[in-house]
Structure formats: structure tokens, C-alpha cells
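Colleague: Need a 3D model of the sequence below.
(one chain, ligands or ions: 1)
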Amino acid sequence: MMRILVLGAAAGGGVPQWNCNCGICRSARQGGNGIGRSAQASVAVSADGDHWFLINASPDLRQQITDNPQLHPRHGLRHSPISGVLLTNGDVDAIAGLLTMREGSPFTLYAHDNVLSILRANSIFNVLSPVHVKRQPIRLEEPFALTLPDGRPSGLKVTAFAVPGKVPLYLEGGAPDPDAVDTIGLLIENGDSRFYYVAACAEVTPDLAERLAGAPMVFFDGTLWQDDEMIKGGLSAKTGRRMAHLAMSGAQGSIESFKSIAVDRKIYLHINNSNPAWHPDSPERHHLTQAGWEILPDGTEISL
Ligand SMILES: [Zn+2]
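Modeller: Numbers count the residues shown, from 1 in each chain. Below is the predicted model of the structure:
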């Protein structure tokens, strides 16, 4: 048994993004067209409902904690039900929220060595004192147990695997490292319950398809509807491919790619504010719903 709490479904910037005046962001700001606000992508997971682990620490983390009673302090003067944070990459929208967690509560930070070295290289993350925050490297394809701050088992088991991705934008231009693992996916398990978290992914490779086949639930990268929508919308010069994000639509897109993969519940996460599927009445949303995909409002809790 597991409880999974959606803390945010949006890509970097959120919906609305602070400086964006596009139709979707305007609607979300003003409350119109049924477009709700959404924080930057993250979920929390718990085996017992008392201790929670965050997958990524988004820049919206302080608000996400405030908005979700599951993550509020429960007893004493200082307490948090957050027992750990798993990082899937070193992007700003995955790590900036760590700076919110600097007030001396104990938790464990789990990340691949490449991401831990980014944190080490940026001394601002030293606000997370090693006295309170243990940093534990994640090794690919080696299942490990998530533990509570007092060392007891949480009941949750994690297996990390590499997915096609790229280095964070702010590190682009450095010498390319052919061995770099920039983006990981996660399998989270408790007994018979399990789900996958793949919120950034450049391609559904045959290996990935085989891994996900038969899964009860997958959170998957929903950044863009169309590979060139940010260019067409006048928002950016970048395609989804350039950002290492697979589009929802198109022959290589996630909707088509998952047609041959048996997954019970498919949920999009990391959806950019340029994506027309944010409109609940849009043909794009209709299309993805027909194909068995979901977009969930922030605060949705799933029992698995
Ligand atoms: Zn916008």
C-alpha cells in the first residue's frame, strides 16, 4: 500500500509563470477557461501516511507544503513528516526547493553522484548541514530502501534507472561527459504496490518500453504537446527535442509510443504552460484523455 500526493504537475515556471502573459497563464492567473494553477512538478509518497518522501524539491516547495496538510508539522515545536527527498536530475526545477528545507529538520537526500556533485559545487547548498541532512548516492539498477531519519525502514523501496536526457541548462557548454547520467527514472515499491516516475525523458526507447510494460501506474513527461510549440507560440527558440523532452503528440510522441505498452494508469507530469492540453475543453486534452492519459490537479492523492 502506498499513498501518492501530486504536489505539482507543471514544468519549469509553473502555471502561471511569473513573467508569462500567454493565454494559459493569463487564464490561470485570472481564473478562467477552467484552467487551474499548478506548481512545478513534484510528488510525495508514503507507505504509512506519517512519513513522506518527495520526488524532487521544486522551487514552489514552500507553497506546496503549506497547501497540503499531509506535509504539515504534527507534534512538538519543530517537526516535519518529510523524511527524505529523491532527486531525478540537477535542473533548477528539481533542486531549488532544497533551499526551503534549511531550517534544521533531519532528512535524507537521495541522488545520483552527478547531481550530488552539482550540489557540492554550489556552496549555497551548504545551508543543508550534514548534521541534519544525509546525502546518499543513488546507484543505477540497485534497489535500495528509503529509511526514516531515526534509521527505521520506511517500507518503500526504490530502483533508479537512466533515461534519455541532457545536462541542466545552466551547465550546458561544458566539456561533454560520455558517461554522464543526467536524468533518472524511478521505480517506487511497497510490497505489491509500485509505480514509475519518469518526469523528464527524451525518447521511449525499447528498453524503457519493456521496463514499463505491465506497470500499474506511470508518471510521465508531458512538457509539450507539439515539439515546436514554443517556437510557434513566440515563447522560445527551442524545440522539445532540444530540451530533451518528448512531445505528447506526433509519431514519436508519448501518446503514440505508449499505445503498445500496457500500463493501467498513465499520468502526465511536468507540463509546460505552453501546452494546449491545460485547457480542459481543448481537442488536445480530449485526445489524450481518449488515449487513457490523465492530468491531475495539484493536491490529488492516490492510493495504490
Ligand atoms: Zn504562459
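
Colleague: Please name the residues that touch the closest residue to Val198 other than its chain neighbours.
Modeller: Using Cβ to Cβ, 6 or more residues apart in numbering and skipping residues adjacent in sequence, the residue nearest Val198 is Gly185, 4.0 Å away. (Glycine included, C-beta is placed from N, CA and C.) Applying Cβ atoms under 8 Å, 6 or more residues apart in numbering to Gly185 gives the contacts Thr88, Ala160, Phe161, Ala162, Val163, Tyr196, Tyr197, Val198, Cys201, Leu208.

Colleague: Also Phe125?
Modeller: Here Phe125 is in contact with Ile95, Leu98, Leu99, Leu119 (Cβ under 8 Å, 6+ apart).

Colleague: One more: Phe53?
Modeller: Per Cβ under 8 Å, 6+ apart, neighbours of Phe53: Ala44, Val45, Ser46, Ile82, Ser83, Gly84, Val85, Leu86, Leu146, Ser154, Leu156.

Colleague: List the contacts of the closest residue to it other than its chain neighbours.
Modeller: Nearest residue to Phe53, sequence neighbours excluded (Cβ to Cβ, 6+ apart): Gly84, at 4.6 Å. Residues in contact with Gly84 (Cβ under 8 Å, 6+ apart) are Phe53, Leu54, Phe107, Thr108, Leu109, Tyr110, Leu146, Thr147, Ser154.

Colleague: Quick one: the residues you listed as CSV, columns for pLDDT and secondary structure too.
Modeller: Output for those, formatted as CSV (pLDDT from 0 to 100; DSSP: H, G, I helix; E, B strand; the rest coil):
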residue, pLDDT, secondary structure
Phe53, 98, strand
Leu54, 98, strand
Phe107, 97, strand
Thr108, 97, strand
Leu109, 97, strand
Tyr110, 98, strand
Leu146, 98, strand
Thr147, 97, strand
Ser154, 98, strand
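
Colleague: Up against the ion, what does this protein have?
Modeller: Residues of the chain found near the ion (Cβ under 5 Å from the ion) are Cys20, Cys22, Cys25, Asn273.

Colleague: One more pass at 6 Å, please.
Modeller: Residues of the chain found near the ion (Cβ under 6 Å from the ion) are Gln17, Cys20, Cys22, Ile24, Cys25, Asn273.

Colleague: out of the residues you listed, which one sits closest to Arg135?
Modeller: Gln17 (30.5 Å; Cβ to Cβ).

Colleague: residues near that closest one, how many?
Modeller: A count of nearby residues for Gln17, using other Cβ atoms under 10 Å, gives 21.

Colleague: surely it meets Ala28?
Modeller: No. Contact criterion Cβ atoms under 8 Å: Gln17 and Ala28 do not qualify, at 9.2 Å.

Colleague: Pull up the overlap in contacts between those two.
Modeller: By Cβ under 8 Å, 6+ apart, the residues touching both Gln17 and Ala28 are Asn273.

Colleague: so the closest residue in space to Pro297 that isn't next to it in sequence, which of the three states?
Modeller: Nearest non-adjacent residue to Pro297, counting by Cβ to Cβ, 6+ apart: Gly36, 5.6 Å away. Here Gly36 is coil, with the state taken from DSSP: H, G, I helix; E, B strand; the rest coil.

Colleague: any idea what the residue nearest to Phe53 is structurally, helix, strand or coil?
Modeller: Secondary structure of Gly84, per three-state DSSP, is strand.

Colleague: that's a helix at Leu187, yeah?
Modeller: No. Residue state for Leu187 (three-state DSSP) corresponds to strand; a helix is not indicated.

Colleague: Could you report the neighbour count for Pro149?
Modeller: 17.

Colleague: Please read off the pLDDT at it from the model.
Modeller: Looking at Pro149, its pLDDT reads 92.

Colleague: Ok, Gly174 next?
Modeller: At Gly174, pLDDT is 62.

Colleague: check contacts around Glu203.
Modeller: For Glu203, counting by Cβ under 8 Å, 6+ apart, the contacting residues are Pro164, Leu246, Gln252.

Colleague: what are the phi and psi angles of the nearest residue to Leu99 once chain neighbours are set aside?
Modeller: Among residues not flanking Leu99 along the chain, Val127 sits closest, at 6.4 Å (Cβ to Cβ, 6+ apart). Main-chain torsions, Val127, degrees, to the nearest 10: phi -60, psi -20.

Colleague: wait, doesn't Val127 sit right on Arg102?
Modeller: Yes. At 4.0 Å, Val127 counts as touching Arg102 under the criterion of Cβ under 8 Å.

Colleague: What residues does Val218 make contact with?
Modeller: Phe195, Tyr196, Tyr197, Val198, Leu212, Val263, Arg265, Lys266, Ile267.
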